[in-house]
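J.: Quick one: sequence and predicted model below, then my questions.
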Amino acid sequence: MIQQFGFGTRLFQLVWTTRPAATAWIMAATLIALVFLMVPNSLAAQTLGHEVLRRELATAVGQIKQKLDNQPAGSRSVAIQPFMNSRNTYASETGGHLIARLIEQHLRELGVQVLAKAAYGLRGSFQILSEGTIQAKVLMELEDSKGNVLYKREISFLEPEVVALLTPDPIKPDKNPLPRVYQEQNKFRTTRESPFQVEILVADEAALPRDRKPIAEDYTAPECSLKDGYAFANLEEGQCYALRIHNQSDRDACFNLSVDGLNVFQLSKDQKPRYFILRKKTSVLMTGWIIDGQTHAFLVTDEDKGAWKKSNVSRCQLRCINIGFHSFEENPVVPPPPTTAPSPAVATARSIATAPGPKLTGSYRHIKGKVGDLIESLNILYDRPGK
């Protein structure tokens with residue numbers, strides 16, 4: 001018999017023999033072939049989307065470099081703000097982080113300084129438009145300290161691979177999204193299968209030891225939950241918190257840590273962000289900011305006393321702890337600094353923030369190595385109980 005199947009713009013015609021054994025064999029082989037034809041090659045699509053996005057952003061960055069070359073030699077540094085999608089906070093975490101990271105890589109390749117506090121600021125947004133043809137639009141602006149816009153560009157992407165890369169589902173937003181993290185009491189993972197786990201711990205400021213390095217047993221577990229799919233911890237003013245970060249995989253990794261939009265090294269004279277090595281099958285306890293080689297506890301305080309007030313961080317990044325996990329290969333190559341992933345929360349009412357607390361005992365040593373691509377990123381939101 002003859003059966004026709006429509007697939008895209010092609011029509012497949014299947015001819016079966018009348019012998020039952022042969023028919024069954026041919027049907028099975030044909031169905032297997034159709035499965036391979038119909039299942040999209042997600043890896044190839046992701047690679048193509050990444051390459052198209054990278055190429056277009058590289059062109060824009062080249063134009064930004066030309067603008068900066070016309071400025072005084074001592075004022076050509078750039079601070080990159082998160083690229084946000086106002087209608088999809090999850091897309092801001094994924095696609096927005098990717099856009100900012102690619103721009104930062106291109107700027108550094110062209111010799112432009114990318115700093116936390118710089119002479120010029122680059123900010124932007126992106127949207128997925130589904131009116132007619134589905135497309136992604138990325139808007140970026142370069143402005144000086146007075147708010148004057150030196151460069152502005154809007155880039156439209158019609159490629160479905162780019163649209164899929166920037167947002168998980170641009171057409172049918174999920175009205176009841178599944179949790180974007182997996183929770184076990186005060187421990188969080190991005191998925192149940194993730195080898196990386198982040199455990200949040202708290203202690204009263206006065207209870208922390210000053211004569212030795214704090215250990216996990218000096219802390220207790222705060223009340224934690226999932227809110228709108230995000231990890232959430234109840235913290236109160238006067239408390240100090242710590243993060244025990246686990247790597248249960250068979251490979252070494254590294255991570256960068258940001259609190260309220262600030263890398264934990266950003267309060268030092270040398271503001272260059274660095275990564276922490278996370279050896280396979282081990283965990284590390286992060287107890288505070290690293291300020292000129294000294295550890296200062298993560299102290300919960302009134303938001304006007306928070307560390308963010310000393311920087312150009314936006315209020316929308318408050319009350320969010322971000323951990324970005326990267327692959328790591330130990331060798332003499334100096335790793336590039338990370339880009340802080342944007343916070344999914346928008347801070348409006350006056351609340352709390354994190355400030356440098358008391359000095360704690362502890363030391364770190366420098367190891368040179370090659371930092372690979374971002375594996376995954378986890379946000380933990382925090383606020384007073386009942387918020």
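T.: Good, I have the coordinates.

J.: need the strands for the stretch 201-350 of the chain, in chain order.
T.: Assigned by DSSP state E, counting those that start in this stretch, the strands in the stretch 201-350 of the chain fall at 224-227, 230-234, 239-247, 253-259, 262-263, 276-278, 282-286, 288-291, 294-302, 320-330.

J.: What mean pLDDT does stretch 319-335 get?
T.: Across stretch 319-335, pLDDT averages out at 76.

J.: Next: stretch 266-284.
T.: pLDDT averaged over stretch 266-284 gives 84.

J.: which helices and strands does the helix or strand hosting Val138 pack with?
T.: If you go by DSSP states H and E, Val138 is part of strand 135-143. Judged by 3 or more C-beta pairs under 8 Å, 6 or more residues apart in numbering; DSSP states H and E, strand 135-143 is in contact with helix 42-69, strand 78-84, strand 120-129, strand 149-157, helix 160-166. Just so you know, the C-beta spots here come from the backbone N, C-alpha and C atoms, and that holds for glycine as well.

J.: closest one to Gln294 among these?
T.: strand 78-84 (25.2 Å; C-beta to C-beta).

J.: just to revisit the earlier point, relative orientation of the strand holding Val138 and strand 120-129 in degrees?
T.: 160 degrees (axes from the mean of the first three to the mean of the last three C-alpha atoms, to 10 degrees).

J.: So what are the sheet partners of strand 135-143 and their directions?
T.: Sheet pairing for strand 135-143, assigned by DSSP bridges, gives strand 120-129 (antiparallel), strand 149-157 (antiparallel).

J.: Would you check how far apart Gln237 and Pro385 are?
T.: If you look again at residue 237, you'll see it is Glu, not Gln. Distance of Glu237 to Pro385, computed by C-beta to C-beta, to the nearest Å: 11 Å.

J.: more crowded one of these two?
T.: Counted by other C-beta atoms under 10 Å, Glu237 and Pro385 do not tie: Glu237 has more neighbours, with 15 against 10.

J.: thinking that one is in contact with Ala353, fair?
T.: No - using C-beta atoms under 8 Å, Glu237 is not in contact with Ala353; the gap is 9.8 Å.

J.: Spell out which residues are contacts of both of those two.
T.: Val300, Thr301, Asp302 (C-beta atoms under 8 Å, 6 or more residues apart in numbering).

J.: Filter these down to the buried ones, PyMOL style.
T.: Remark: buried members of those, expressed as a PyMOL selection using 16 or more other C-beta atoms under 10 Å:
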select buried, resi 300+301
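
J.: May I see the shared contacts of Glu237 and Ala353 organised as a markdown table, with pLDDT and distance to Ala79 added?
T.: Output for those, formatted as a markdown table (pLDDT from 0 to 100; distance: C-beta to C-beta, whole Å):
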| residue | pLDDT | distance to Ala79 |
| --- | --- | --- |
| Val300 | 94 | 26 |
| Thr301 | 92 | 25 |
| Asp302 | 91 | 26 |
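
J.: buried sites along the longest strand seen in the chain?
T.: Looking across the chain with DSSP state E, the single longest strand is strand 369-383. Buried residues in strand 369-383, counted by 16+ other C-beta under 10 Å: Gly369, Lys370, Val371, Leu374, Ile375, Ser377, Leu378, Asn379, Ile380, Leu381, Tyr382, Asp383.
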